[in-house]
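# let's see this in three dimensions:
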Amino acid sequence: MERRFGQTTDGSRRGKRRTARSLLAAGIGAFAMVAQLLTYAQPAAAATPLARMDVKDMKLTAREFDQRWKAIDLLRQDPAIHGYPRDTPALSPMLDGHGWTGRPSMCHKSNIDPKYSPDGFCWTPEDDASGEWTPQGLTGSHDAQPGGTWNGKHVYLASWHSAGDRFSRISVVENTGSSTVYQHILLVDPYLDGAGANFRAVGDPSTGPSDQEQAVRPGGHADGIAWYGNKLFLATGHQIQVYDLRNLIRITENDSAEVGLHDGKATARYHNWALPMIGMYTNAPAGAKCTDSAPCLTSLSLDRTGADTLVTSEVAEKGGRPVVQWPLHAGDGLLDTDGADNHSGSAKATAAWRVPIWKVQGAATDGTYWYFSGECPETAGTDDSDVPYCIHRALPDEEPHVLTKAPPLTQNLSFAPSSGRLWGINERAWSRKAGAQRVVFSLDPPA
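Numbering: from 1, shown residues only. Next comes the predicted model:
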């Protein structure tokens, strides 16, 4: 639930007299500590600013919207497909209080500084520990609508990828503050099949047109996610996939591992719901090298503090990769391109900065500050996935600083203008060392 909390202040520190011996010992200890911090901290963040980049060569090109729309129109006519009228409010069939029962509080340690009033919710124990599905991205009704709610409810959407990246799904969460209920939707790719149409799992290359270009074959590593009106954007590598939430499909045959139309039935790998892709934007073929002109697209967030923009960032072992803003068109909810319509042509980046933080997994802005989830300076470069991540904060052209520690392997971030809170999600599943640690969290950063 979106809530605005107050902040606490740090207590005062008491000074102590020290003898010459204690001061000498303290000095030696402090020198050792500083040396250790310099060993870890300097490469990860401090001393390097969030530097502006040239965006003239950064663009995202629209791909295959028309073909997918044709396929969706044919699918809606199939008697095996249970769709909803186009004027049905998006997601309303799922927001009826039914589904999996999560836990309306952070049931695991978050590592977030208490002065930032952390809050959030947890998944079911099964999703908490799942090795088949891994959460990655987070968005919410605070992105979808300026008022922060969807049909009067606080709703959150999370993206998950499957083991092997052969399947992608999203979770639709209704969180009231006292209850958390959610359902899963399998993401599918519609395609023309002779005189008709069919759909396949996003990420599954074993079905569908054999001659499809590698550049437009949908990737299955569902990563960043952002909700804008009726549209949903999903980042994966060099692609931003686009979905229209009004195309929701109810699956009545949920006892099959198959995906698509077969034997007069529609199935979606044990899911009750499916959502077809309507198109995508790409900046390079799938699997291509990440470059400054064609950065990889791993996290997504939305910036509504000025002209609406979609924000992407790229994860890299030692940092130094771009966070980029792309223009949105409020009329149709798509990227604003130079084509005759926004499902053709290319969208050109409006701004970008080079981020000096190791393993940036998420990026968001409140219009003044930038927030990044990434490795903490003191543990940067280690292989221990149980250590906390950090949320870093920076002004453009200034050095980032750690705002607070966060859950291990914190992924995407999302800022809610309606409440002033920063939201995040982490992917860490159960481990023998630390138990289950998956949470969805929010905090109230200082103004």
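# show me the helices in the stretch 201-350 of the chain, by range?
With helices called from DSSP state H, counting those that start in this stretch, the stretch 201-350 of the chain shows none.
# ugh, typo on my part, it should be the stretch 1-150 of the chain
20-44, 65-77, 125-129, 141-144.
# how far off centre is stretch 57-69?
Remark: stretch 57-69 is offset 21 Å from the chain centroid, using CA atoms, centre = their mean, to the nearest Å.
# now it: buried residues?
Buried residues in stretch 57-69, counted by 16 or more other CB atoms under 10 Å: Met58, Lys59, Leu60, Thr61, Ala62, Arg63, Glu64, Phe65, Gln67, Arg68, Trp69. C-betas here are computed from N, CA, C, even on glycine.
# okay, now the unreliable bits of the protein?
For the chain, the stretches with pLDDT under 70 are 1-47, 205-216.
# relative to His343, how far out is the nearest residue to Asp244 once chain neighbours are set aside?
Sequence neighbours aside, Ile278 is the residue nearest to Asp244 in space, at 5.1 Å (criterion: CB to CB, 6 or more residues apart in numbering). Going from Ile278 to His343 by CB to CB, to the nearest Å gives 8 Å.
# what is in contact with those two at once?
Here Ile278 and His343 have Phe65 as joint contacts, going by CB atoms under 8 Å, 6 or more residues apart in numbering.
# show me where the stretch 51-200 of the chain has strands.
Under the criterion DSSP state E, counting those that start in this stretch, the stretch 51-200 of the chain contains strands at 51-52, 59-63, 100-101, 119-121, 133-140, 155-162, 168-175, 180-193, 196-201.
# among these, which is the most enclosed?
With neighbours defined as mean count of other CB atoms under 10 Å, the strands of the stretch 51-200 of the chain peak in mean count at strand 133-140, which reaches a mean of 26.
# parallel or antiparallel, which strands does that strand pair with?
If you go by DSSP bridges, strand 133-140 pairs up with strand 155-162 (antiparallel).
# off-centre distance for the partner strand?
Counting by CA atoms, centre = their mean, strand 155-162 comes out at 8 Å from the chain centroid.
# and the angle from it to strand 196-201?
Here strand 155-162 runs at an angle of 80 degrees relative to strand 196-201 (axes from the mean of the first three to the mean of the last three CA atoms, to 10 degrees).
# quick one: contacts of strand 155-162?
Contacts of strand 155-162 (CB under 8 Å, 6+ apart): 91, 95, 132-141, 144, 149, 167-175, 184, 203, 220-225, 227, 232, 234, 423, 425, 440.
# beta partners of the residue positioned nearest the centre of the chain?
Geometric centre of the chain, nearest residue: Gly137, 2.3 Å, by CA atoms, centre = their mean. Under the criterion DSSP bridges, Gly137 forms beta bridges with Ser159.
# show me what contacts it?
158-159, 222-226, 234-235, 299-300, 411-412, 425.
# so which of these are in strands?
Judged by DSSP state E, the subset of the contacts of Gly137 located in strands is Ala158, Ser159, Ile225, Ala226, Leu234, Ala235, Ser299, Leu300, Gln411, Asn412, Ile425.
# tally of neighbours for Leu335?
Look at Leu335: counted by other CB atoms under 10 Å, it has 26 neighbours.
# contacting residues around the closest residue to it other than its chain neighbours?
Leaving aside its chain neighbours, Leu335 sits nearest to Ala347 (3.9 Å; criterion: CB to CB, 6+ apart). Neighbouring residues of Ala347 by CB under 8 Å, 6+ apart: Lys59, Leu60, Ala62, Tyr281, Trp326, Pro327, Leu335, Asp336, Thr337, Asp338.
# from Glu253, how far off is Ile225?
Note on Ile225: its distance to Glu253, by CB to CB, is 27 Å.
# how about the strands in the stretch 251-400 of the chain?
259-262, 265-268, 273-282, 299-303, 309-313, 321-327, 346-348, 351-355, 362-365, 370-375, 389-394.
# for Ser418, find the nearest of those strands.
Ser418 lies closest to strand 299-303 among these, at 12.2 Å (CB to CB).
# packing partners of that closest one?
Other helices and strands packing on strand 299-303, by 3 or more CB pairs under 8 Å, 6 or more residues apart in numbering; DSSP states H and E, are strand 133-140, strand 225-228, strand 231-236, strand 309-313, strand 362-365, strand 410-416.
# quick one: distance of the longest one to the chain centre.
The reference is to strand 133-140. Put simply, strand 133-140 sits 5 Å off its chain's centre (CA atoms, centre = their mean).
# could you do the fourth one as well?
Strand 309-313 has its C-alpha centroid displaced from the chain centroid by 11 Å (CA atoms, centre = their mean).
# could you give the angle of that strand to strand 351-355?
Relative orientation of strand 309-313 versus strand 351-355 (the same axes, to 10 degrees): 20 degrees.
# so which residues make contact with strand 309-313?
Strand 309-313 is contacted from outside by 224, 226, 228, 233, 235, 240, 295, 297-303, 321-328, 335, 350-351, 355, 360, 362-365, 372, using CB under 8 Å, 6+ apart.
# one more pass at 7 Å, please.
The contact list for strand 309-313, computed with CB atoms under 7 Å, 6 or more residues apart in numbering, reads 226, 233, 235, 297-303, 323-328, 335, 350, 355, 360, 362-365.
# same question, the second one
Contacting residues not belonging to strand 225-228 are listed as 137-140, 143-144, 157, 159, 170, 232-234, 300-302, 310, 328, 333, 412 [CB under 7 Å, 6+ apart].
# re the thing from before, just the buried members of the contacts of strand 309-313?
For the contacts of strand 309-313, a burial check counting by 16+ other CB under 10 Å picks out 226, 233, 235, 297-303, 323-328, 335, 355, 360, 362-365.
# would TSV of the strands of the stretch 51-200 of the chain with distance to Ala380 be doable?
TSV is the format used below for the strands of the stretch 51-200 of the chain (distance: least, CB to CB, whole Å):
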stretch	distance to Ala380
strand 51-52	19
strand 59-63	30
strand 100-101	36
strand 119-121	25
strand 133-140	21
strand 155-162	25
strand 168-175	30
strand 180-193	33
strand 196-201	36
